[in-house]
Structures are given as C-alpha cells and as structure tokens.
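Participant: quick one, structure for this:
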Amino acid sequence: MKDDFRLAPAGDSVLIVEFEERIDPAVNARAIAVADAIRAAAMTGIRDVVPTYRSVAVYFDPLSTNYGALVASLERAAAQPVVEPPDRVPIRIPVCYGGELGPDIARVAEFGHLSERDVVALHSSASYRVFMLGFVPGFAYMGIVDARIAVPRRSTPRVRVPRGSVGIAGVQTGVYPAETPAGWQLIGRTPVTLFDLSRAEPFLLKAGDAVQFYPIDRDQFDRLWEANR
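Facilitator: Below you'll find the model as predicted:
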C-alpha cells in the first residue's frame, strides 16, 4: 500500500523509497526486498542500488533511464508483502573478548550491572541481523543487541580503532573492517577479514545476513590473525 511508504527524489539522479523510521527487522526486510527487486529488473541506466535500515536509494543515469518505468517498478516492489526465508543459517565470527582487544568491556558490564563474562555470554548468544553496510567498505550495522548491554556510544570517539574491533553502540553491534576513527564501545576483536579486494567476493557480509559471534581465547586469536594477514 502506498500509504506506508514514501517515494522521493534526491536530486535529478537518485530516487529513494522510505519506510517507517525505526530499527526493525520487518522494516529492513522490506527495504532489502525492494533493492533485490530493482537489481533483478536490470533496468537500463541503473548505476547502484543501496538499501539501508529503512530505505532504498536507487542511483540512475537520467539520460538513459526510463524514469516513469523506474517509479512504477519501485512502487510495485514497495507494495509487495515480504516473506523472509526461515531458519537463516548465521555466519559465525570468532571474537577474542576483553583485555587489550576489548578495552570497553568493563564499561559495558558496569552499564548492565553485569560481569564481563555475562557481557560475553549475552553478546555471543544472540543471532544478529545485518541491517545495512556503510561508513567504510564492509562495515555491517547489526542488531538487535540485548538491552542489558546496549550501552550508548562513547562521548569522545577514538582517533584510531584497530581492524577487526567489535563494538556496541546502543542496540547496534558491528566489526570495524579497517583501522578508522570510531566512537563505539569496543568489547573484543576478530581475526576474520570482513573486506578484502583480493577475494572474488570482497564483502564477507551483506544486508539481510544473520551473524553469530563466538568467543575464542587469545592464543586462538593470534594464530588466526597471523593466518589471515
């Protein structure tokens, strides 16, 4: 139905479909379904299709794209009911929690009146949805984090966060695929490479994937880190 989404231009070469403004798996599923439908249509002039938490941006060449057909295609896709596949198998990512690799884990534990072991158990027991990719190539915004460890981001960001750092910011969790400035609470680090241009598929994760973290010790981390360099 047209009354539960909005189609709006963003300049002369981008159309955006917007759904309800909240972090919600069902809303995100609609955005991803629209993105998949537009990619599958393979319309002439489409340059890129970018789904987010609750919207889809379609970048197109205004000189070669049939604008009316694009609008109609977006409206049809947005109005369709979404049925997600059941029992999505999570992509498992190892994490060495705490210590120098997770310098904010004590702060997260204090936030929830928990032990650090409880933080690890809560973070690693959930299956997280990849809502979108952004910020830097390969950074996946995932959720939803248990409320007991959903600590807000730091008031002052760090200038440099190591590649592989696993962080929490409110109901979101994510892994930094490159060394960057960052303001999320760091609870551990993974030796897994999330973005690598030398691979046939550079991105380990994509929107709609399920992810589950599992704890490893420092010796395991060091061995895997060396193997993945």
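Participant: the residue of the chain positioned farthest from its centre - nearest residue in space that isn't next to it in sequence?
Facilitator: Residue distances from the centre of the chain (C-alpha atoms, centre = their mean) peak at L63, which lies 32.6 Å from the mean C-alpha position. Closest residue in space to L63, ignoring its immediate chain neighbours: G45 at 7.5 Å, by C-beta to C-beta, 6 or more residues apart in numbering. For every residue, glycine as well, the C-beta is placed using N, CA and C.
Participant: ok, that neighbour touching Y67?
Facilitator: No - between G45 and Y67 there is no contact under C-beta atoms under 8 Å: 9.3 Å.
Participant: shaky segments in the chain?
Facilitator: 1-3, 84-87 (pLDDT under 70).
Participant: show me how it divides into domains.
Facilitator: The chain breaks down by automatic domain parsing into domains covering 2-79, 91-227.
Participant: which one of the ones you listed is the most hemmed in?
Facilitator: domain 91-227 (a mean of 18; mean count of other C-beta atoms under 10 Å).
Participant: for that domain, measure first residue to last.
Facilitator: 19 Å (C-alpha to C-alpha, to the nearest Å).
Participant: now find how far off-centre it is within its chain.
Facilitator: Centroid displacement of domain 91-227 relative to its chain, using C-alpha atoms, centre = their mean, to the nearest Å, is 11 Å.
Participant: re earlier: where does the residue farthest from the centre of the chain sit, in terms of helix or strand?
Facilitator: Secondary structure assignment for L63, by DSSP states H and E: no helix or strand.
Participant: thank you, goodbye.
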